[in-house]
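Novice: Return atomic coordinates for the entry below.
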Amino acid sequence: MDYRLENIDDEVFEQLVNTICQNILGTGVIVFSPGKDGGRDGKFTGTAQNYPSNKDSWTGKFVIQAKHTTNYLASCSDSDFEKIIDNEIIKIKKLKENGEIDNYLLFTNRKYSGIKGEQLLNKIINETGVKNCAIIGKETINNQYLNSNKDIVKQYRLDINHIQFDFSDEEIKEIILAFKNQLPEISKEIKNEVNKLKHDFTLIDKKEKNKKNRLGEDYFNEHIVSESLMNFDKIEKFLNNPINETLKDYYFDTAYELNQLISLKRDDFDLFEEIFIFIYQSICDGSTQLKGSKRHVMTFLHYMYYECLIGKRNNDDKTR
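Specialist: Numbers count the residues shown, from 1 in each chain. Take a look at the predicted model:
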């Protein structure tokens, strides 16, 4: 579930975080007014009711901090978030010196990236000496704290922002896994054809299509042309192989379903690249099947767009 937390403002996000903490820590959570908070949006003293679990709860002085962004694509891997952490470390050190902190919880509506997130978490622990620390990203907020507590969702009217975008993802997962298995052989067959396809592609004017779909020029050039394009001919050969006839049907069924949903939900997104990211995350997040194959998911989505199976068509493009 995605409650589109970027659509609420900083103050409401702080209130939301403190309400969540009242549920997992206790009703004794103290909320600070907006303004200079000394590194705290809320605090709690005592033993947590249910954090990190009800069997192994943290105890002592809790400091609660909320960091909100209006950027749907924002991640804990972004350089600006690392700067935020560096500033927070300075504040945490002062709280530590004053004996005001034993546990630190930072909530953010950014995507929590495992590797970089853990690095930043360890940086906080190592530089402040506060052992009980957590960075809680939007996946945990959405799935663990909001889905299980509809009262909070209703209180903050988050159901208004929630995007109903459910589709059958098992079929595309099967396609991706089969494509990965056949890719070495496909690559051998078309080794000399890649440059030809790239040349042909540059002759096709996609500017009007991108404009109609609000797809950013930088995204198109950096991710579709520079990263995915080289694999489009491989996908074409894969789909046209007679042994993949069933998978080809799956592919067109999936593209049709996605295009219908995109048409219905287009106003819930700004740039079209947000749709790519949203679908990619819906397919890949939590999937153990796709480990080592996730990059192919985005390539297939880009190919669907290039083939005009998803998104608005360019009326001047007679071939696609």
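
Novice: Select the longest strand from the chain.
Specialist: Across the chain, the longest stretch assigned as strand under DSSP state E is strand 59-67.

Novice: Which residues belonging to the helix or strand following that strand are considered buried?
Specialist: Next in sequence after strand 59-67, counting helices and strands by DSSP states H and E, comes helix 79-97. By neighbour count on 16 or more other Cβ atoms under 10 Å, the buried set for helix 79-97 is Phe81, Ile84, Ile85, Glu88, Ile89, Lys91, Ile92, Lys93, Leu95, Lys96. Heads up, the C-betas are built off the backbone N, CA and C, glycines and all.

Novice: Touching helix 79-97 from outside, list them.
Specialist: 38-40, 63, 65, 67, 74-75, 101, 104, 106, 108, 110, 120, 123-124, 127-130 (Cβ atoms under 8 Å, 6 or more residues apart in numbering).

Novice: Can you select the buried ones among those for me in PyMOL?
Specialist: Filtering those down to the buried ones (16+ other Cβ under 10 Å) takes a single PyMOL command:
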select buried, resi 39+40+63+65+67+74+75+101+104+106+108+110+120+124+128+130
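
Novice: Among the contacts of helix 79-97, name the ones in helices.
Specialist: Counting by DSSP state H, the contacts of helix 79-97 place Leu120, Lys123, Ile124, Glu127, Thr128 in helices.

Novice: for the stretch 201-320 of the chain, which spans come out with low pLDDT?
Specialist: 201-205, 286, 314-320 (pLDDT under 70).

Novice: and with 80 instead?
Specialist: Low-confidence segments of the stretch 201-320 of the chain (pLDDT under 80): 201-205, 268, 285-287, 314-320.

Novice: circling back: and the ones in helices among the contacts of helix 79-97 as TSV, adding pLDDT and distance to Phe252?
Specialist: Formatted as TSV, the ones in helices among the contacts of helix 79-97 follow (pLDDT from 0 to 100; distance: Cβ to Cβ, whole Å):
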residue	pLDDT	distance to Phe252
Leu120	96	42
Lys123	97	47
Ile124	97	48
Glu127	97	53
Thr128	97	54
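
Novice: any idea which of those is the one closest to Leu183?
Specialist: Closest approach between these and Leu183, by Cβ to Cβ: Leu120, at 34.5 Å.

Novice: circling back: which one of the buried residues of helix 79-97 sits closest to Asp270?
Specialist: Once Cβ to Cβ is applied, the member of those that ends up nearest Asp270 is Phe81, at 20.5 Å.

Novice: Quick one, grab the pLDDT at the closest one.
Specialist: Listed pLDDT for Phe81 reads 96.

Novice: same check, this time on Gly38
Specialist: The score at Gly38 is 58. That number is its pLDDT.

Novice: can you put the ones in helices among the contacts of helix 79-97 in a markdown table and add distance to Gln15?
Specialist: As requested, the ones in helices among the contacts of helix 79-97 are arranged in a markdown table below (distance: Cβ to Cβ, whole Å):
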| residue | distance to Gln15 |
| --- | --- |
| Leu120 | 25 |
| Lys123 | 28 |
| Ile124 | 24 |
| Glu127 | 29 |
| Thr128 | 26 |
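
Novice: farthest pair in those residues?
Specialist: Counting by Cβ to Cβ, the most remote pair of these is Leu120 and Thr128, 12.2 Å apart.

Novice: mind listing what the spatially closest residue to Ala74 that is not a sequence neighbour touches?
Specialist: What sits nearest to Ala74 in space, not counting adjacent residues and going by Cβ to Cβ, 6 or more residues apart in numbering, is Arg110, at 4.5 Å. Each residue near Arg110 by Cβ under 8 Å, 6+ apart is listed here: Lys67, Thr69, Ala74, Ser75, Cys76, Asp78, Phe81, Gly137, Lys138.

Novice: tell me which residues in the strand or helix carrying Leu239 are buried?
Specialist: Assigned by DSSP H and E, Leu239 falls within helix 232-240. For helix 232-240, a neighbour-count test (16+ other Cβ under 10 Å) marks Phe232, Asp233, Lys234, Ile235, Glu236, Lys237, Phe238, Leu239 as buried.

Novice: and the last one, how far is that from Tyr251?
Specialist: Applying Cβ to Cβ, to the nearest Å, the value for Leu239 to Tyr251 is 6 Å.

Novice: So Leu290 versus Glu257, what's the distance?
Specialist: For Leu290 relative to Glu257 (Cβ to Cβ), the value is 19 Å.

Novice: do the same with Lys138
Specialist: Distance, Lys138 to Glu257, by Cβ to Cβ: 25 Å.

Novice: ditto for Asn147
Specialist: Distance, Asn147 to Glu257, by Cβ to Cβ: 23 Å.

Novice: One more: Lys111?
Specialist: Lys111 sits 25 Å away from Glu257, going by Cβ to Cβ.

Novice: What of Ser226?
Specialist: Using Cβ to Cβ, we find Ser226 at a distance of 28 Å from Glu257.

Novice: That concludes my questions; thank you for your assistance.
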